[in-house]
Every structure is written in C-alpha cells, then in structure tokens.
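>>> Here is the input, now give the coordinates:
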Amino acid sequence: MARKHKKHRHEEHIDESWLIPYADLLTLLLALFIVLFASSTVDVQKLENLSVVFNEIFDGGMGVMENPSPAPLPIPEAPNESDQESSAFIEDQKSLEEIQNRVDEYIAVNELESQLATELTDEGLLLTIRDSVLFDPGSANIKTEYSQIAAEIATLLEFDPPRSIIVTGHTDNIPMNTSEFASNWELSVMRAVNFLKMVVENPDLNPLLFSAKGYGEFKPIASNDTAEGRAQNRRVEVLIQPLVLKDGTESNTN
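Numbering: from 1, shown residues only. The predicted model follows:
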C-alpha cells in the first residue's frame, strides 16, 4: 500500500513592514504630546524649544526608534577673572570684620565707648578717636596719661599680611591762630603726625605703610553750631585699608 506523504508546512514569513509606519505614528504622537504640553503654558523659551524639536522631527532628524549616542557632559568653565576678584574682595571684607571685632572687644573691655568707635566703610575699617582722649585744647601733643592707649592701638594694628594705615586729623570750625599753629589745618596735621609717630614706635609695624594728613574743619561729622557737635568733629581717624579694593585691584601696601 502506497504511503501517504505528509505535507510539510512551511513556516510563514512574518511581514514586518508595519514597523515603519508604527514608528512614524509614535513620532507623531510624541510631537502631539509636546504640542499639548507647550500649549498649557506659553512662554518664549518653551516655544523656541518646541520649534527645535519640530525641526528635528520633520527635517529628517532622529525618530523615537533610533538610539542616539548620549550627549557629552559639559566641561565646567574655569572661574573668570571677575569672579576671582569678587571672591578676593569678599574674603578681605570678612578679614576686616574680624579686625573690627577685635578692636571693638578692646574698646568694651577698657570701657572706652565714649572715646573710641569703629565703622566698616568702602574705604576700609575706620577707627575714630575723640581728641579729648589724646590732646588738650589747641595742642597737638599727646597727653602723657593716654600714651598707653596709643601703644595698645599700635598692637591692634599688627596684621599678617600688613595693611596700609592712614592717620587723619580733624578739628572744629573755631579759628586757630596761635604762635604754634596759624590754622586748623596745621593743628589737624600735627595731631595726626604725632599720633602716627607714637604708633610706629612699635617695632612690629612697618613705618613705610603709614601716612598722615589733616583736613582741619572741612570734613565735619556733626554740626559745629553746638558744643557737642564741635566735640565730635575734633577727632583723629585711623583708616585700616583693605588689601583688595572694590574693583578687584590690590591696595598699594608698598
């Protein structure tokens, strides 16, 4: 009896051509979701980003089925010179604040609040000394009993690195015309010079970093119409200059 031959079924080949329109459909769906998301909140930046996405999709850019290489991570930029200068200025201001705290502590411990005061300004740390602490009226000679205060202030002016110091004399507007001083200018200058000379007797201070000047009555901080105001105007100021100026340049400490 003849044997029946079994019919071998050939495996049917699956048509994968549908994947291409499917991928395009996903791409269009992605574009639709982007439109819906962008339309919920309108802003210029989002519309610009949307425009870039559409250009990539419809101008032959990447589809959702592609697997692009990951974008390289951006290399951090080195701090520019302006940032470095700003940072140096801020650090120097913090250093001046620490100096101010040290001087304020000295003032508090010795109960000198009515004679000494500090203020942090754009030009540096300003120490104000009332003239009654150092001088007799019309005199530029430092009182013997207060010479110790000048020596202690000199110790407070020891810095590492060293800083430039400007000592300035001021008077009230009462005219000065004596055999010793023909004007308030001369009196204010000599008071600043005499105080400076006593300060730089400290061997740990560099005299090259110190300078003195006088403004007479022309830079008052109070009204000269009252005795209290004139007393405030008679003063010696010690300006501790910053190492770094506000524009980022170094202060001259040579």
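
>>> can I assume Val238 sits in a strand?
Yes: the assignment for Val238, made by DSSP: H, G, I helix; E, B strand; the rest coil, places it in a strand.

>>> Specify the beta-bridge partners of it.
Beta-bridge pairing for Val238 (DSSP bridges): Leu127, Val167.

>>> got the buried residues for the top helix by length along the chain?
Identified as the longest helix of the chain according to DSSP state H is helix 81-109. Under the neighbour-count criterion of 16 or more other C-beta atoms under 10 Å, helix 81-109 has Glu85, Ala88, Phe89, Asp92, Gln93, Ser95, Leu96, Ile99, Gln100, Val103, Tyr106, Ile107 buried. From N, CA and C alone the C-beta is placed, and that goes for glycine too.

>>> Past it, which element shows up next along the chain?
Under the assignment DSSP states H and E, the closest C-terminal helix or strand after helix 81-109 is strand 116-121.

>>> List the neighbouring strands of that following strand plus their orientation.
Paired strands of strand 116-121, with direction, are strand 124-130 (antiparallel) (DSSP bridges).

>>> next structured bit after the strand it pairs with?
helix 131-134.

>>> Output that next one as CSV, restricted to C-alpha atoms.
This file holds the C-alpha atoms of helix 131-134, laid out as CSV (Å, rounded to 0.1, in the frame of the first residue of the first chain):
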residue,chain,number,x,y,z
ASP,A,131,40.5,114.4,70.5
SER,A,132,39.9,114.7,74.3
VAL,A,133,41.4,111.3,74.7
LEU,A,134,44.8,112.4,73.2
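
>>> Which strands and helices lie in contact with that helix?
When contacts are defined as 3 or more C-beta pairs under 8 Å, 6 or more residues apart in numbering; DSSP states H and E, helix 131-134 sits against helix 147-156, helix 184-199, strand 235-240.

>>> Residues touching that helix, excluding its own?
The contact list for helix 131-134 (C-beta atoms under 8 Å, 6 or more residues apart in numbering) reads 112, 115-116, 142-143, 146, 149-150, 171, 191, 195, 231, 234-236.

>>> One more: stretch 226-235?
128-132, 169-174, 217, 220-224.

>>> how does the protein divide up, domain by domain?
Using automatic domain parsing, the domain ranges for the chain come out as 20-58, 81-240.

>>> Worst mean pLDDT among those domains?
Ranked by mean pLDDT, the domains of the chain end with domain 20-58 at the bottom, a mean of 65.

>>> got the contact list for the closest residue to Ile153 other than its chain neighbours?
Nearest non-adjacent residue to Ile153, counting by C-beta to C-beta, 6 or more residues apart in numbering: Val199, 6.6 Å away. Counting by C-beta under 8 Å, 6+ apart, Val199 makes contact with Ala150, Ile153, Ala154, Leu157, Ile165, Val167, Leu205, Phe210.

>>> Can you get me a residue count around the closest residue to the last one other than its chain neighbours?
In this case it means Phe210. Nearest non-adjacent residue to Phe210, counting by C-beta to C-beta, 6+ apart: Ile165, 5.0 Å away. The number of residues packed near Ile165 is 24, by other C-beta atoms under 10 Å.
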